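*Asks:* 3D, please:
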Amino acid sequence: MDITDYDKALYYTHHCACIDLSVLMMKTQDDILSKRIETFVYAFIRETEFLKVKEARDQLLSYIDYVYRMEPETGEVAAINQTLD
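*Replies:* Purely as a prediction, here's the structure:
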């Protein structure tokens, strides 16, 4: 799991950067993240109902939150600590 993919997804989602999200969707190895990004970008661009866009965004953010709550691996903890220093 590459935690930077989730950081980028979170940042791009909050800034509604659909082009950057689309690029991330293609590069990430997490299939679920890719699908959630695809759903959000499609809703953001095509949907006329705000509730559907909000639901797609909330599903993406909910998945990102779920990933952050998972137990990180030892190498990831070191990478996070190095980033924070």
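*Asks:* Quick check: which ranges of the protein have low pLDDT?
*Replies:* 1-2, 71-77, 80-81, 83-85 (pLDDT under 70).
*Asks:* contacting residues around E55?
*Replies:* Shown in contact with E55 (CB atoms under 8 Å, 6 or more residues apart in numbering): A43. The way it works is simple: take the backbone N, C-alpha and C, and place the C-beta from them, glycine included.
*Asks:* Just the buried residues of stretch 17-25, please?
*Replies:* C18, L21, L24, M25 (16 or more other CB atoms under 10 Å).
*Asks:* For I37, what is the enclosing helix or strand?
*Replies:* Counting by DSSP states H and E, the element that carries I37 is helix 31-46.
*Asks:* wait, what's in contact with Y42?
*Replies:* Listed by CB under 8 Å, 6+ apart, the contact partners of Y42 are A56.
*Asks:* actually C18, not the one I typed
*Replies:* Residues touching C18, when contacts are defined by CB under 8 Å, 6+ apart, comprise V41, F44, I45.
*Asks:* and the last one, how far is that from T39?
*Replies:* Yep, that's I45 we're talking about. I45 sits 11 Å away from T39 when distances are taken as CB to CB, to the nearest Å.
*Asks:* neighbours of S34, just the number please.
*Replies:* A count of nearby residues for S34, using other CB atoms under 10 Å, gives 17.
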